[in-house]
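J.: Sequence below, structure please.
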Amino acid sequence: MRSVLIFLALALTASYAFADEVAYGIDGETFSGYYAPADNPRGLVLIVHDWDGLTDYERRRADMLAEAGYDAFTLDMFGEQTPTQTVEHRRAATGALYANRERMRTLLYEGLAQARARSSAEGLVVMGYCFGGAVTLEMARSERADQAAGYATFHGGLATPEGQTWSGDEPPILVMHGGADRSVTVNQVVAFWRELESAGTPYTIEVYSGAPHGFSVFDSSRYHERADTESWEAFMDFLDERLAGG
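T.: Next up, the predicted model:
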């Protein structure tokens, strides 16, 4: 699996041949997603991007999923009018959504609708990176949680907002976390674990020693090859388990 991951990361620098940029509207705003279809898909994966918006990183991951046999759609949580060039921009963009959970869910559900409109696959897994991981868990706690067969986060935010809880009826959750992550602390991981354990929500938490926040981001100073390889293998196993039969 390690050699396959490295090969795909290199081979898919250019967009997947059959992938499409997808423009869609929400309440008069323009958003732009990315859809990578698989041949005879085994399921559909909805990808939620990091705080810098939908970039080539998420497109590459979508392409890798398509090559692995899953339709993949990366939604847009910000829209074309939201700047993301600076740290201040990104804090403002994510902060606005953290403060307005109703809007966060609306954007997430519309992205899912766009994915469903393009994919014939029935089974769904929702996954996200960093900020996108927090958004993924927002759906896992929502009234639409059962629309997915599972939820997965890579170095994602884990804090449960005030007023929300875990019921124990949620589909399985896979969390992949860096042991050296200073943005999402070990105390937050433990608190999350205790919440899910107390509720009876099925979960798996993988912790990769020495891996910093954002360990899966190719070509960045934070990239941690072993953690990236092992977490992707864990995610592929999760998809195989949760989406068996497509």
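J.: Report how many residues lie close to Glu88.
T.: 9 (other CB atoms under 10 Å). C-beta coordinates here come from the backbone N, C-alpha and C atoms, glycine included.
J.: now do Val45
T.: Counted with other CB under 10 Å, residues neighbouring Val45 total 31.
J.: Please apply the same query to Trp166.
T.: Neighbours of Trp166 (other CB under 10 Å): 21.
J.: Could you report the distance from it to Pro41?
T.: 30 Å (CB to CB, to the nearest Å).
J.: repeat for Leu158
T.: From Leu158 to Pro41 the distance is 30 Å (CB to CB).
J.: What are the buried residues along the host helix or strand of Glu138?
T.: Assessed by DSSP states H and E, Glu138 sits inside helix 131-140. In terms of neighbour count (16 or more other CB atoms under 10 Å), helix 131-140 has its buried residues at 131-140.
J.: Same check on stretch 49-59?
T.: Across stretch 49-59, burial judged by 16+ other CB under 10 Å covers 49-54, 57-59.
J.: Next: stretch 152-170.
T.: Within stretch 152-170, the residues scored as buried using 16+ other CB under 10 Å are 152-158, 160, 166, 170.
J.: got it, and stretch 82-100?
T.: So, applying 16+ other CB under 10 Å, buried residues of stretch 82-100: 82, 84, 89-90, 93-94, 97-98.
J.: OK, contacts around Ser119?
T.: 35, 37, 41, 44, 71, 73 (CB atoms under 8 Å, 6 or more residues apart in numbering).
J.: do the same with Ala72
T.: 35-36, 38, 44-47, 61-63, 65-66.
J.: Neighbour-wise, which one of those leads?
T.: Val45 (31 neighbours).
J.: hang on, it packs against Val125?
T.: Yes: in this structure, Val45 is within contact of Val125 by CB atoms under 8 Å, at 5.3 Å.
J.: Between these two, which contacts overlap?
T.: Residues touching both Val45 and Val125 comprise Leu239, with contact defined as CB under 8 Å, 6+ apart.
J.: Including distance to Arg105, could the contacts of Ala72 go into JSON lines?
T.: JSON lines is the format used below for these (distance: CB to CB, whole Å):
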{"residue": "Tyr35", "distance to Arg105": "21"}
{"residue": "Ala36", "distance to Arg105": "24"}
{"residue": "Ala38", "distance to Arg105": "27"}
{"residue": "Leu44", "distance to Arg105": "19"}
{"residue": "Val45", "distance to Arg105": "19"}
{"residue": "Leu46", "distance to Arg105": "13"}
{"residue": "Ile47", "distance to Arg105": "17"}
{"residue": "Arg61", "distance to Arg105": "23"}
{"residue": "Ala62", "distance to Arg105": "22"}
{"residue": "Asp63", "distance to Arg105": "27"}
{"residue": "Leu65", "distance to Arg105": "23"}
{"residue": "Ala66", "distance to Arg105": "26"}
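J.: I appreciate the help and will end here.
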